[in-house]
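>>> Got a predicted structure here, sequence first:
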Amino acid sequence: MENQKVRVRFAPSPTGPLHIGGVRTALYNYLFAKKHGGDFILRIEDTDSQRFVQGAEEYIIESFNWLGISFDEGVHVGGKCAPYRQSERKSVYKKYVDQLLDAGLAYIAFDTPEELDKKRNEIANFQYDASTRGQMRNSLTLSAEEVKSLIEAGNQYVVRIKIEPGKDVVVNDLIRGEVVINSSILDDKVLYKSADQLPTYHMANIVDDHLMEISHVIRGEEWLPSAPLHVLLYRYLGWEDTMPKFAHLPLLLKPEGNGKLSKRDGDRLGFPVFPLEWEDPKSGDISSGYRESGYLPEAVVNFLALLGWNPGTEQELFSMEELIASFSLERCSKSGAKFDFEKGKWFNHKYIQQKSNNEIADLFQPILKENGVEATNAKVAQVVGLVKERVNFVKELWSQSSFFFVAPQSYDEKNRKKTLEG
RNA sequence: GGCCCAUUCGUCUAUCGGUUAGGACGUAAGAUUUUCAUUCUUGAAAGAGGAGUUCGAUUCUCCUAUGGGCUACCA
C-alpha cells in the first residue's frame, strides 16, 4: 500500500456547469498526482439519469482544457480502466451488489417512495436502519417466496446496505486526522435501484475507485459524513486492505452572509462561479464564466490554489509547475474559505503584467474587432505595452487605449489648454 | 432535531507552548505621476467566551457560543 502508485480521480456528475469549488477540488487532485508522479483520472458519475444535463460533460472537459489541467485517463482520453462513464459500467456493479446480497450484508427493499414519505411524516427522525427495518417491506421481513414473486410481478425494488449498529467506524483523514462515528447513526443507504439498474453514488464510487486502483480520494468536506459508509463498503466487499486514503477539503463559502458558495451567488455578487460561460439548455439562462469575463487561466488556478492551501512561505505567485512542486495535503487548511474575488482580480492584474505584450495582444484582438478596429498584432502589442499596467482585465484595455485606434469625438477644454501652455 | 467538521486582522492565511502574533488582498495617509493608473513608503486592523493542564498558552484538553456540512431510490 505504501509503495502503491498514486492514482487520483476527479469524478463530477454531469448535472450542469462545473462549479468553481469543483475546479479547486480537481486542481488539488491534479497537483497531488503530478507531485507524486501519479495518474489523474476523469470519471463521469452519471448514475442519476433524472438529473443528467446535456452538454455538461463537454463543458467539464473544455473547462479543464482552458485551465491547463490535463488527465492521464478519462472519458475523453480513454485508458486501461475504460469505460470511465458510470452509465456505461452498469454490468460491473451488479456483480458486487449480488456479492453483498449473497453474503447477507445487503438486502432487497420494496418500500415505495410514497411509503417512505409516510413513515417520515409519522415518525420524527425516521431512519431506515436496524431499529426500523423490521417494520418495513424487505427481504428480511418477507419470505423468500414472497420476495421472488414480488420481483417477478414487476415490482421495483432497491438494495440497501445492512448496517450493523453499535460499532465505531474510524475514518483516517489526511487533513483532519481520525474521525470516529458510531454505526448506529448510519442508515441503510440505498446501493442499487432496480428501476434504472444503476447503483447509487456510494456503491458506484467504491466499486470504481477499487477497480481503477485509486490510491487517494481527495474530495470536498460535504462527503465527510458519508465516509464511514464508504469505509464499511470497502470492508463488506473485502477490499479494506487496499482502501484508498481519504482527504476531505474545506468548502468554498459565500463571500458575504452564510452558506457555501452556490451556483446562484455568482451573478448576484458580480463575479463568476463557473470557469466558462454556461447556457442552461432548458431555461436558456446564461451564467457568466471566468474565461468570458477576461480572467487568465493562470490567474484562476493560482487564486484557487491558495484558497485552502498555502506553501508555508510568503510566495503568492505560482506557475503550475511551482504549484506541483510545492503542493502537499498536510498544508491544506481545515476550515472553509470565503470566496473573496477581490484577490482574484489582483492575481489577474499580476498575470497580465507578467505576460508578453504579444500574448495580451492576441487576447485583445477580438475586443478590437468588436469595436470595428483592424490593426496589426505588432501595433496592438505596442499599445498594450503602453497601457497594460493600468488594467485588471483584458477588456479594460479598450477604454484605456481606444484613442490610439479611433480619433476622440470630444475632448476636455481644460486639458487642452493645459497641454498648450505646458 | 440528530450526527460530524471547523473557529488568528474585513478577506485568504503564517505560527507546529515562550514571537513587538508575520505576509498578501482590500483599506487609510504620504511620495512619484500634468490627470488617472502603476510603483514605493508608512499606518490602522486579529487569537469567539469560559474553565482547566503548564513556570508559561493563539498553540494541548473540556464546556459554551458561533459558522459550516450531512441527515434522498442527488451526487
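On my side now, so go ahead. Residues are numbered from 1 along each chain as shown, chains lettered A, B, ... in the order given.
>>> can you tell me the residue of chain A closest to RNA strand B?
residue A:258 (2.2 Å; C-beta to the nearest atom of the strand). In short, each C-beta sits where N, CA and C put it, glycine included.
>>> That residue and residue A:336, how far apart?
Distance of residue A:258 to residue A:336, computed by C-beta to C-beta, to the nearest Å: 11 Å.
>>> And the two? Which one has more around it.
More neighbours surround residue A:336 than the other of residue A:258 and residue A:336, with 18 against 6 (other C-beta atoms under 10 Å).
>>> shared neighbours, residue A:258 and residue A:336?
Counting by C-beta atoms under 8 Å, 6 or more residues apart in numbering, residue A:258 and residue A:336 have no common neighbour.
>>> mind checking the SS state of residue A:61?
helix (DSSP: H, G, I helix; E, B strand; the rest coil).
>>> That one: neighbouring residues, count only.
Under the neighbour criterion other C-beta under 10 Å, residue A:61 is assigned a count of 18.
>>> Tell me the spacing between it and residue A:8.
Residue A:61 sits 18 Å away from residue A:8, going by C-beta to C-beta.
>>> Next: residue A:315.
Noted for residue A:315: a distance of 24 Å to residue A:8, by C-beta to C-beta.
>>> the more surrounded of these two?
Between residue A:315 and residue A:8, residue A:8 has the larger neighbour count (other C-beta under 10 Å), namely 28 against 11.
>>> what's the more buried one in contact with, if anything?
Contact analysis of residue A:8 by C-beta under 8 Å, 6+ apart lists A:29, A:32-33, A:38-41, A:214-218.
>>> So it lies in a helix, does it not?
No. Assessed by three-state DSSP, residue A:8 does not belong to a helix; its assignment is strand.
>>> And the strands in the stretch 251-400 of chain A, which stretches?
Ranges of strands in the stretch 251-400 of chain A, per DSSP state E, counting those that start in this stretch, are A:252-253, A:278-279, A:286-287, A:337-338.
>>> related to what we said a few turns ago, would you reformat the contacts of residue A:8 as JSON lines and include secondary structure, neighbour count and pLDDT?
JSON lines is the format used below for the contacts of residue A:8 (DSSP: H, G, I helix; E, B strand; the rest coil; neighbours: other C-beta atoms under 10 Å; pLDDT from 0 to 100):
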{"residue": "A:29", "secondary structure": "helix", "neighbour count": "26", "pLDDT": "98"}
{"residue": "A:32", "secondary structure": "helix", "neighbour count": "23", "pLDDT": "98"}
{"residue": "A:33", "secondary structure": "helix", "neighbour count": "25", "pLDDT": "98"}
{"residue": "A:38", "secondary structure": "coil", "neighbour count": "18", "pLDDT": "98"}
{"residue": "A:39", "secondary structure": "strand", "neighbour count": "23", "pLDDT": "98"}
{"residue": "A:40", "secondary structure": "strand", "neighbour count": "23", "pLDDT": "98"}
{"residue": "A:41", "secondary structure": "strand", "neighbour count": "26", "pLDDT": "98"}
{"residue": "A:214", "secondary structure": "coil", "neighbour count": "26", "pLDDT": "98"}
{"residue": "A:215", "secondary structure": "coil", "neighbour count": "22", "pLDDT": "98"}
{"residue": "A:216", "secondary structure": "strand", "neighbour count": "22", "pLDDT": "98"}
{"residue": "A:217", "secondary structure": "strand", "neighbour count": "23", "pLDDT": "98"}
{"residue": "A:218", "secondary structure": "strand", "neighbour count": "26", "pLDDT": "98"}
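>>> Mind putting the residues you listed into JSON lines with distance to RNA strand B?
Below are the contacts of residue A:8 laid out as JSON lines (distance: C-beta to the nearest atom of the strand, whole Å):
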{"residue": "A:29", "distance to RNA strand B": "15"}
{"residue": "A:32", "distance to RNA strand B": "17"}
{"residue": "A:33", "distance to RNA strand B": "20"}
{"residue": "A:38", "distance to RNA strand B": "22"}
{"residue": "A:39", "distance to RNA strand B": "20"}
{"residue": "A:40", "distance to RNA strand B": "18"}
{"residue": "A:41", "distance to RNA strand B": "14"}
{"residue": "A:214", "distance to RNA strand B": "14"}
{"residue": "A:215", "distance to RNA strand B": "20"}
{"residue": "A:216", "distance to RNA strand B": "18"}
{"residue": "A:217", "distance to RNA strand B": "13"}
{"residue": "A:218", "distance to RNA strand B": "15"}
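>>> burial count for residue A:300?
Residue A:300 has 25 neighbours, counted by other C-beta under 10 Å.
>>> Lovely, talk soon.
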